[in-house]
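Peer 1: Curious how this folds, go ahead:
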Amino acid sequence: LMKKGKVNKAWKNRWCILCDVNGEIFLEYYTSKIDANLCGTIEISQVFGIEVIGFPSYDLSMLQQIPDTISINDKIKCQQKYSFILLTKDRKFIFAAFDPKNFFK
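Peer 2: Coordinates of the predicted model:
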C-alpha cells in the first residue's frame, strides 16, 4: 500500500501486515517488505470507520456488498486512485492500493 504522511503529506510506499499481539489486532506498516523498519501501528479496535475516497473512474457496482461501516467520501480530492481512510479518535490514516485488485480485497 501507499500511505500519506501526517506531517509530510507526501505518499510513501509501505509494507503493511496485520498481527495479533495478546489478542489485540494491529495493522503494522513498514518501510518495505525487505526493510524491517517499523514506521507505525494502528490498533484495529480503535478504528471506528472506513471511508473510500471517491474517484471519477471507479466502478462502484459492488457498493451493495460493502458493510455499513464503510462509506464513500467524494468531498475529499485525492490524486491517488484506490484510496481509503481509516478513522480513529486520534487520527485519520490515509492509504491507497496500487491497483483495484488489491483495493477491493
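Peer 1: Every contact and neighbour count from this point should use C-alpha atoms.
Peer 2: OK.
Peer 1: Helix, strand or coil: sort out the residue nearest in space to the middle of the chain for me.
Peer 2: For the chain, Phe95 is the residue whose C-alpha lies nearest the centre (Cα atoms, centre = their mean; 3.6 Å). Following DSSP: H, G, I helix; E, B strand; the rest coil, we place Phe95 in the strand state.
Peer 1: Helix or strand: which one has the nearest residue to it once chain neighbours are set aside?
Peer 2: Nearest non-adjacent residue to Phe95, counting by Cα to Cα, 6 or more residues apart in numbering: Lys3, 4.4 Å away. If you go by DSSP states H and E, Lys3 is part of strand 2-4.
Peer 1: if we look at that strand, which residues are touching it?
Peer 2: Identification of contacts with strand 2-4 by Cα atoms under 8 Å, 6 or more residues apart in numbering yields 10-14, 93-98.
Peer 1: Do you know the pLDDT at the residue lying farthest from the centre of the chain?
Peer 2: Distance from the C-alpha centroid of the chain, by Cα atoms, centre = their mean, peaks at Asn22 (23.3 Å). Note on Asn22: pLDDT of 94.
Peer 1: again, but for the one 4 residues further on
Peer 2: pLDDT for Phe26: 96.
Peer 1: Surely it is in contact with Leu18?
Peer 2: Yes. Assessed by Cα atoms under 8 Å, Phe26 is found in contact with Leu18 at 5.6 Å.
Peer 1: Which one's more surrounded, the two?
Peer 2: Phe26 (18 against 14; other Cα atoms under 10 Å).
Peer 1: which parts of the helix or strand hosting that one are buried?
Peer 2: Of the helices and strands defined by DSSP H and E, Phe26 is found in strand 24-30. Of all the residues in strand 24-30, those buried under the rule 16 or more other Cα atoms under 10 Å are 26, 28-30.
Peer 1: Could you single out the nearest of those to Phe84?
Peer 2: Distance to Phe84 across those (Cα to Cα) is lowest for Tyr29, with 15.3 Å.
Peer 1: dump the residue contacts of that closest one.
Peer 2: Applying Cα under 8 Å, 6+ apart, we find Tyr29 in contact with 14-17, 38-41.
Peer 1: Tell me the buried residues within those.
Peer 2: Buried subset of the contacts of Tyr29 (neighbour count, 16+ other Cα under 10 Å): 14-16.
Peer 1: Lovely, talk soon.
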